[in-house]
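> A predicted structure for the sequence below; I have some questions about it.
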Amino acid sequence: MKPIKFIKQLVTPEIAKNYLLNNYGNRRVSPPRLLMYCDDILNGRWKEDTGECIKISVTQKVIDGQHRLLAIVKTGIALNLHIALDVNDDVFDVVDTGKSRNATDVFKIANIKFENSIPSIISTYNILLDNRKFGGQIHKSKTNAMLLEQYYENELFWQNVAKKSHNWYLSFAKILTPSFIGGFFAYFYQLDKNKATDFINQLTTGIAIENDVITLLRNKLMQDKMSQRKMPSNLKMALVIKAWNIFVKNKAIKQLKFDALREEFPTATN
């Protein structure tokens, strides 16, 4: 039995392709993971000296590291990688079996503040942009890499949303989650940034309420928080959007409700 040999090598796309020639029998390639690795490499976020090795067996089979090698090929960018050579083939089934990283893990690795809330805030915002989900059609969630890319497209904005959402979350006695508050704030902000701030601030703090619809919505949300039978998320979202539309048009109403059987899911207006 050969001893395992450890080297550090500048792996070019050509060398990566060479290693991958013997990639038969490996686990199925995960497009989200490959996309995340490519995104990190292309945007200069890839860290080389993490201690993680590419593992090549005595028969030249890639035991661990196919996604990293494929990312090098796909991006055309060479990376310095630590490589373990002459690993026994029989360890294949116990390598790389750990839990996949979730969006929070990815944002934490990227050293992003509010890593626990920003991915879910962006996800909620994306759902609100795609009302087709509530019409019975399939909603395609974004991968972790896509969420990270969306964050970097407007980093200061999402940091501001997360900070405000946390404060509003505490002001409203934790009745709504930061992801729900932040997703809606970002959604309304694209329509009217001043009214978005006023609407969410009045809803969560109960201070200087300008329209009775805010009070009606607050009462419904507080009742739901205390109820054992929780309001479905799509109903809660519909009520918030209906309240927003009434707020921005400065209409007067005495009752706030949504009937999913008789009404189409509302679209926010400005």
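Structure's in. What do you need?
> low-confidence ranges in the stretch 101-250 of the chain?
Residues of the stretch 101-250 of the chain meeting the criterion pLDDT under 70: 101, 109, 131-140.
> which residues in it form helices?
All helices of the stretch 101-250 of the chain, identified by DSSP state H, counting those that start in this stretch, fall at 103-109, 118-129, 144-153, 155-171, 178-189, 193-205, 212-226, 233-249.
> Show me this protein divided up by domain.
Here the domain parsing of the chain from automatic domain parsing is 5-94, 103-249.
> so residue 67 makes contact with residue 30?
Yes - with contact defined as CB atoms under 8 Å, residue 67 counts as touching residue 30 (6.8 Å). In short, each C-beta sits where N, CA and C put it, glycine included.
> higher neighbour count, those two?
residue 67 (20 against 14; other CB atoms under 10 Å).
> and residue 75, which of the helices of the stretch 101-250 of the chain is closest to it?
Among those, helix 144-153 comes nearest to residue 75, with 12.7 Å by CB to CB.
> From the contact counts, what lies against the closest one?
Under the contact criterion of 3 or more CB pairs under 8 Å, 6 or more residues apart in numbering; DSSP states H and E, helix 144-153 touches helix 31-42, helix 103-109, helix 118-129.
> which residues touch it?
The contact list for helix 144-153 (CB atoms under 8 Å, 6 or more residues apart in numbering) reads 32, 35-36, 38-40, 43, 101-103, 106-107, 110, 112, 118-119, 122-123, 126, 142, 158.
> Identify the residues contacting residue 4.
For residue 4, the contact set (CB under 8 Å, 6+ apart) comprises 84-87.
> Just among these, which is most surrounded?
Within the contacts of residue 4, most neighbours by other CB under 10 Å means residue 87, with 23 neighbours.
> and that one, what are its phi and psi?
Main-chain dihedrals, residue 87, degrees, to the nearest 10: phi -80, psi 140.
> Surely it touches residue 57?
Yes - Residue 87 sits in contact with residue 57 when judged by CB under 8 Å, with a separation of 5.1 Å.
> okay, and the common contacts of the two?
Jointly contacting residue 87 and residue 57 under the rule CB under 8 Å, 6+ apart are residue 63.
> ok so, going back, which stretch among the helices and strands packed on helix 144-153 is buried most, on average?
Most buried of the helices and strands packed on helix 144-153 by mean neighbour count (mean count of other CB atoms under 10 Å) is helix 118-129; its value is a mean of 21.
> Pull the residues that contact that helix.
Residues outside helix 118-129 that contact it (CB under 8 Å, 6+ apart): 103-104, 106-107, 112, 133, 139, 141-142, 144, 147, 150-151, 158-159, 161-162, 165, 177-180, 182-184, 186-187, 237, 268.
> Can you add distance to residue 62 and give the helices and strands packed on helix 144-153 back as JSON lines?
As requested, those are exported to JSON lines (distance: least, CB to CB, whole Å):
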{"stretch": "helix 31-42", "distance to residue 62": "14"}
{"stretch": "helix 103-109", "distance to residue 62": "23"}
{"stretch": "helix 118-129", "distance to residue 62": "30"}
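> Can you list the buried residues in the helix or strand where residue 63 lies?
In the assignment (DSSP states H and E), residue 63 maps to strand 62-64. Residues 62-64 are the ones in strand 62-64 that count as buried (16 or more other CB atoms under 10 Å).
> strand partners of that strand, parallel vs antiparallel please.
Using DSSP bridges, strand 62-64 pairs in its sheet with strand 53-57 (antiparallel).
> follow-up on the earlier one: quick one, which of the helices of the stretch 101-250 of the chain is nearest to residue 80?
The minimum distance between residue 80 and the helices of the stretch 101-250 of the chain falls on helix 103-109, with 18.7 Å, by CB to CB.
> Check which helices and strands the closest one sits against.
Counting by 3+ CB pairs under 8 Å, 6+ apart, the packing neighbours recorded for helix 103-109 are helix 118-129, helix 144-153.
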